[in-house]
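> Sequence first, then the predicted structure:
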Amino acid sequence: MSSLVGHQIQQSEKVKSLIQELVGEVTKINSQLTGIHAPQDAFKDAGKAKVDAAGLFRGRPLHYPYIGTGAGRGPYVELEDGSVKLDLINGIGIHLMGHANPRVLTAAVRGALSDILIQGNLQPNNEYRLFTEKMVKIASRKSRIKYGWLATCGTMANENALKLSRQKNSPARMVMGFKDAFAGRSTMMAEVTDNPAYKQGLPEYHEVLRIPFYDKRDPKSGEKSLAAMKEHVAKHEGNISVFGFEPMLGEGGYQAAPREFFLPLLDFVKSKNIAVWVDEVQTFTRTGEYFAFETLDIGQYVDICTIAKTAQVGMTLYTEEFNPKPGLIAGTFSGSTPCLAAGSEMLDMLSEGFLGANGRIQQIHKRFINGLNALNEGSCKGLASDAGGMGLMVAFTPHDGKKESVNSFLNKLYANGVIAFPCGKDPVRARFLIPAIIQDADIDIALKTIEKTLLEGV
Ligand SMILES: Cc1ncc(COP(=O)(O)O)c(C=O)c1O
């Protein structure tokens, strides 16, 4: 045989042109979606019945009356009630290249034509190999990272990060993290997460030590965090395995911190042989570089880094010293073939003008933040305060920042055609996980819709 059968499928001109035709046809149909559209009378009832059924069978209503039809175009998505929304939350940050991106679709269809839908650690295909190689090469450019292990989601990537730290620093068991941290939904990650609402009725394990995050209003904020850290270490020296943190507080309120805040903390934990684990599940690909540790220039401190969301699959990345003993991490699922293929494609796409100080991600950030600040100073005076974030992660505080008023704002914003989501506790903030492919005209539509909604009041 002149070439392996799998390679024949990869190289077949016929398969290639069929995929092109297929994706082309779907893209043509999707191109009818040109902008925000209100629910349509003909579909409203059927759409509501589908939303209700989803809630009924999962035992809790959906947060928004949202069931997608499977059609979308860029930042726009069609719902079963006939509405088209401008999606600025993207599955809480998964769909970096928007809805039905032809390149992402093409990669996913290629993956779907593979002999297996889900790859595992025992019998991987090339997508497993290629994704891992690509991620490690990107991650190691500005850090000591040398390996990456796939995981099914951010929570599992984080569980593995914790296991690696504990094994390396055995028998140390405790975790040091920030107040208002979010780390996922497993039993242990719910413990690392600093939100009582997410662990109601669960036992407490008392394995997490908290330090305050950066507070831009307090010039002594950095000193206070370092002092809290030193106090914990004085009390638990030898029993703290890892300092795990988000480089920008995510669910905790979209608060960013400068490099100077992190450095003394990182120097101190390094001096105590406590592992440094950066949870980039939310920040990965969004801050203007692949990793926020690159944007903040703290890569040399990183022992372990976790990603998921925009990668379309989870991964724990780590240095030589943290490579675990065989048996510590594995699992049946590594990731689906379409997701591994599409995730890989998206990593390539990002290198085409999105990154860097003047890349598209920073342009989007500036336009959105400037627009929010202009509203706060102009037509919506005082109603859109404290706009901030990093890159494609943007938040502001609507109205008085109280839970009821922010939820009311977000529900009205949804009805007006823009999807966002809350974060933080005091204040509660409206957050946007903006797709990298958004055009300036669509940012302006988002800002106009935010303005209209703010002026509707609470
Ligand atoms: C910082 C951070 N860590 C972990 C997770 C958990 O990831 P997943 O929901 O994929 O398990 C999230 C999800 O929002 C996150 O933002």
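Alright, I've got the coordinates.
> Not counting its neighbours along the chain, what's nearest the spatially most central residue of the chain?
The residue lying closest to the centre of the chain (C-alpha atoms, centre = their mean) is Gln282, at 3.0 Å. Computed as C-beta to C-beta, 6 or more residues apart in numbering, the closest residue to Gln282 that is not its neighbour in sequence is Gly250, at 4.1 Å. Where you see a C-beta, it was placed from the backbone N, CA and C, and this is true even at glycine.
> quick one: contacts for the one you found?
Phe182, Val281, Gln282, Thr283, Met393, Cys423 (C-beta atoms under 8 Å, 6 or more residues apart in numbering).
> Same check on Arg259?
Arg259 sits next to Leu296, Asp297, Ile298 when contact means C-beta under 8 Å, 6+ apart.
> Show the buried residues in the residues you listed.
Buried members of the contacts of Arg259, counted by 16 or more other C-beta atoms under 10 Å: Leu296, Ile298.
> when you check the ligand, which of the contacts of Arg259 turn up near it?
Subset of the contacts of Arg259 in contact with the ligand: empty, counting by C-beta under 6 Å from any ligand atom.
> how long is stretch 106-125 from one end to the other?
18 Å (C-alpha to C-alpha, to the nearest Å).
> Show me what counts as buried in it.
Thr106, Ala107, Ala108, Val109, Arg110, Gly111, Ser114, Gln119, Gly120, Pro124, Asn125.
> Sticking with the fourth one, tell me its helix or strand.
Read it as Val109. helix 102-112 (DSSP states H and E).
> Parallel or antiparallel, which strands does the helix or strand just after that helix pair with?
Going down the chain from helix 102-112, the next helix or strand is strand 118-119, by DSSP H and E. Note on strand 118-119: by DSSP bridges, its sheet partners are strand 335-336 (antiparallel).
> can you count the residues close to the residue of the stretch 151-300 of the chain found nearest the ligand?
Residue nearest to the ligand within the stretch 151-300 of the chain: Gly154 (2.3 Å; C-beta to the nearest ligand atom). Neighbour count of Gly154, defined by other C-beta atoms under 10 Å: 26.
> ok but Gly327 is inside a strand, no?
No: counting by DSSP: H, G, I helix; E, B strand; the rest coil, Gly327 is not part of a strand but coil.
> when you give positions from now on, start the count at 19
Happy to do that; since the first residue is 19 now, the last one works out to Gly345.
> Let me know the pLDDT of Ile47.
Ile47 is assigned 98 on the pLDDT scale.
> and the worst-scoring helix or strand of the chain on mean pLDDT, anywhere near the ligand?
Every helix and strand in the chain was compared by mean pLDDT, DSSP states H and E; the lowest is strand 273-274, with a mean of 93. No: figure legend: strand 273-274 not in contact with the ligand (C-beta under 6 Å from any ligand atom); closest approach 13.0 Å.
> if we look at that strand, which residues are touching it?
Contacts of strand 273-274 (C-beta under 8 Å, 6+ apart): Phe231, Tyr232, Asp233, Lys234, Met266, Leu267, Gly406, Gly407, Met408, Gly442.
> Recalculate using a threshold of 6 Å.
Contact with strand 273-274 is made by Met266, Leu267, Met408, as judged by C-beta atoms under 6 Å, 6 or more residues apart in numbering.
> Around the ligand, pick out the residues from the protein.
Counting by C-beta under 6 Å from any ligand atom, the positions of the chain adjacent to the ligand are 110, 171-173, 176, 200-202, 264, 268-269, 297, 299-300, 326.
> So which of the residues you listed are in strands?
Applying DSSP state E to the residues of the chain next to the ligand, the entries found in strands are Asp297.
> Run through the bridge partners of Ala413.
Gly406, Arg449.
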